[in-house]
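> Here's my sequence, what's the structure:
(one chain, ligands or ions: 1)
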Amino acid sequence: MSEREVKSLEEIFEARIARDEKIEAKDWMPEKYRLTHIRQISQHAHSEIVGMLPEANWITRAPSLRRKVALLAKIQDEGGHGLYLYSAAETLGISREEMYEQLHTGVAKYSSIFNYPAVTWADMGTVGWLVDGAAIINQVALMGASYGPYSRAMVRICKEESFHQRQGYEILLTLCNGTPEQKEMAQDALNRWWWPSLMMFGPKDADSPNTEQSVKWKLKRKTNDELRQQFIDQTVPQADILGLTIPDPKLKWNPETKQYDWGEIDWNEFWQVVKGQGPCNKHRVEARKTAWEKGTWVRDAAMAYAEKQENKVIKEAI
Ligand code: BYC
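Okay, here's the model as predicted:
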């Protein structure tokens, strides 16, 4: 293709983005658009799959049958989200094996939040409330993303995330209306999860190498800082209802900006976790690798069955 032809395709592509048209898998797209989407969508998929691990730890210890059923359903949903997202990434020309390989070798990232341990039952409430709450804010914006398969995957994911957020909040409401020890447990969980939840939105816009281009391509409809502020403004009143204190002495309503002012994230901690030095990074990747290895026979059996069915169809057609 000549340079002139590529330029004209680029102009058509940019005009489609400007008109808010969805870009579909077989449409022409700039190579960088394709690669940036593979990066973000696959990392999003990995986050869903790795995110199952801290919660799975509590299935056998959920305090009642009702709690166990809800937690199991939530974790299953997350597995499903990972699968929609891997499928969406595959439409951009990467195989699932390559994506797993990138996760297992540390080439691809997954959300920093899942490198923290879930140590009490109150953590299950807090993860639902804050982590799924942050995910919804991020993902509602992504429903408007320009790449069709990604934006459509978000619609269903957001519906399920909102159920997850409520089940988490309800766990905390119960604990906060329970014994003083239970309320203390809820406060302790909030103290540990608050700042890592704010880190989920990524580095400050000024330090985010991808935001500017991703906003132009409408992969991101809002910046990291905008979404983080939205999350804080939405979450503080919910903490008030629970009677819990957000662990930020600088948190204060600002009547002029009509937003909360708040303290400073420990960016050093954030980058340490992103680079693989968080409390659970090694453990999480090892768990995924072991699951992949133990699942070999299932994949082999499924492939052998698919091949057999295919041969049968061919024989019948001859
Ligand atoms: N953790 O230029 P930036 C869930 C990386 S799962 C780790 O701002 P971008 C759930 C970033 O990848 C929800 N890494 O990047 C599941 C980049 O490195 P690379 C997960 C992070 O992509 C189970 C570098 O830092 N949600 O809801 O424009 C149970 C510079 O950052 C993080 C998604 O994945 C981080 N927090 O923006 C419960 C949403 N932040 O790739 C719940 C989709 C940044 O250049 N993703 N990095 O090597 C996004 O919206 C964006 O990718 C981000 C980052 C806002 C996360």
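
> contacting residues for the residue in the stretch 1-150 of the chain positioned nearest to the ligand?
Here the residue of the stretch 1-150 of the chain nearest the ligand is Gly51; by CB to the nearest ligand atom that distance is 2.3 Å. Just so you know, the C-beta spots here come from the backbone N, C-alpha and C atoms, and that holds for glycine as well. For Gly51, the contact set (CB atoms under 8 Å, 6 or more residues apart in numbering) comprises Glu78, Tyr110, Ser111, Ile113, Phe114, Val131.

> switch the cut-off to 7 Å
Gly51 makes contact with Glu78, Ser111, Phe114, according to CB atoms under 7 Å, 6 or more residues apart in numbering.

> pLDDT value on it, please?
With respect to pLDDT, Gly51 scores 97.

> And for Cys176?
The score at Cys176 is 98. That number is its pLDDT.

> can you check the one 10 residues further on too?
On the pLDDT scale, Ala186 is placed at 98.

> Alpha carbons only: can I get the helix or strand hosting it in CSV?
Assigned by DSSP states H and E, Ala186 belongs to helix 180-199. Coordinates of the C-alpha atoms in helix 180-199 are reproduced here as CSV (Å, rounded to 0.1, in the frame of the first residue of the first chain):
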residue,chain,number,x,y,z
PRO,A,180,-18.1,-3.5,67.9
GLU,A,181,-15.6,-6.1,66.8
GLN,A,182,-17.3,-6.6,63.5
LYS,A,183,-17.4,-2.8,62.9
GLU,A,184,-13.7,-2.6,63.8
MET,A,185,-13.0,-5.4,61.2
ALA,A,186,-14.8,-3.3,58.6
GLN,A,187,-12.9,-0.2,59.4
ASP,A,188,-9.6,-2.2,59.3
ALA,A,189,-10.5,-3.5,55.8
LEU,A,190,-11.3,0.0,54.6
ASN,A,191,-8.0,1.3,56.0
ARG,A,192,-6.1,-1.3,54.0
TRP,A,193,-8.0,-1.1,50.7
TRP,A,194,-8.7,2.6,50.3
TRP,A,195,-5.4,3.7,48.9
PRO,A,196,-4.8,0.7,46.7
SER,A,197,-8.4,1.2,45.3
LEU,A,198,-7.5,4.8,44.2
MET,A,199,-4.4,3.3,42.5
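
> Would you tell me whether it gets close to the ligand?
Yes. Helix 180-199 reaches the ligand (CB under 6 Å from any ligand atom) through Met199.

> Name the next helix or strand following that helix along the chain.
Immediately after helix 180-199, counting by DSSP H and E, sits helix 211-216.

> Just the helices from this structure, written as ranges.
Ranges of helices within the chain are 3-18, 31-50, 52-56, 65-90, 96-104, 121-126, 133-142, 148-176, 180-199, 211-216, 224-242, 267-272, 281-294, 296-317, based on DSSP state H.

> JSON lines please, covering the ones you listed and showing distance to Pro249.
Formatted as JSON lines, those follow (distance: least, CB to CB, whole Å):
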{"stretch": "helix 3-18", "distance to Pro249": "43"}
{"stretch": "helix 31-50", "distance to Pro249": "30"}
{"stretch": "helix 52-56", "distance to Pro249": "28"}
{"stretch": "helix 65-90", "distance to Pro249": "33"}
{"stretch": "helix 96-104", "distance to Pro249": "38"}
{"stretch": "helix 121-126", "distance to Pro249": "20"}
{"stretch": "helix 133-142", "distance to Pro249": "21"}
{"stretch": "helix 148-176", "distance to Pro249": "21"}
{"stretch": "helix 180-199", "distance to Pro249": "12"}
{"stretch": "helix 211-216", "distance to Pro249": "29"}
{"stretch": "helix 224-242", "distance to Pro249": "14"}
{"stretch": "helix 267-272", "distance to Pro249": "18"}
{"stretch": "helix 281-294", "distance to Pro249": "29"}
{"stretch": "helix 296-317", "distance to Pro249": "51"}
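
> Which stretch among those helices is buried most, on average?
Greatest average neighbour count among the helices of the chain goes to helix 121-126 (a mean of 26), per mean count of other CB atoms under 10 Å.

> near the ligand, anything from that helix?
No. Helix 121-126 stays clear of the ligand (CB under 6 Å from any ligand atom), getting no nearer than 10.7 Å.

> so what does that helix touch, helix or strand wise?
Applying 3 or more CB pairs under 7 Å, 6 or more residues apart in numbering; DSSP states H and E, one finds that helix 121-126 contacts helix 148-176, helix 180-199.

> what residues does the shortest one touch?
I take that to be helix 180-199. Counting by CB under 7 Å, 6+ apart, residues outside helix 180-199 touching it are 112-113, 116, 120, 122-123, 125-127, 130-131, 134, 172, 175-176, 228, 242, 244-247, 265-266, 270.

> between it and helix 133-142, how big is the angle?
30 degrees (axes from the mean of the first three to the mean of the last three CA atoms, to 10 degrees).

> who in the stretch 201-318 of the chain is up against the ligand?
Contact residues, the stretch 201-318 of the chain versus the ligand (CB under 6 Å from any ligand atom): Phe201, Gly202, Pro203, Ser208, Pro209, Asn210, Thr211, Ser214, Asn224, Val274.

> Alright, I will stop here.
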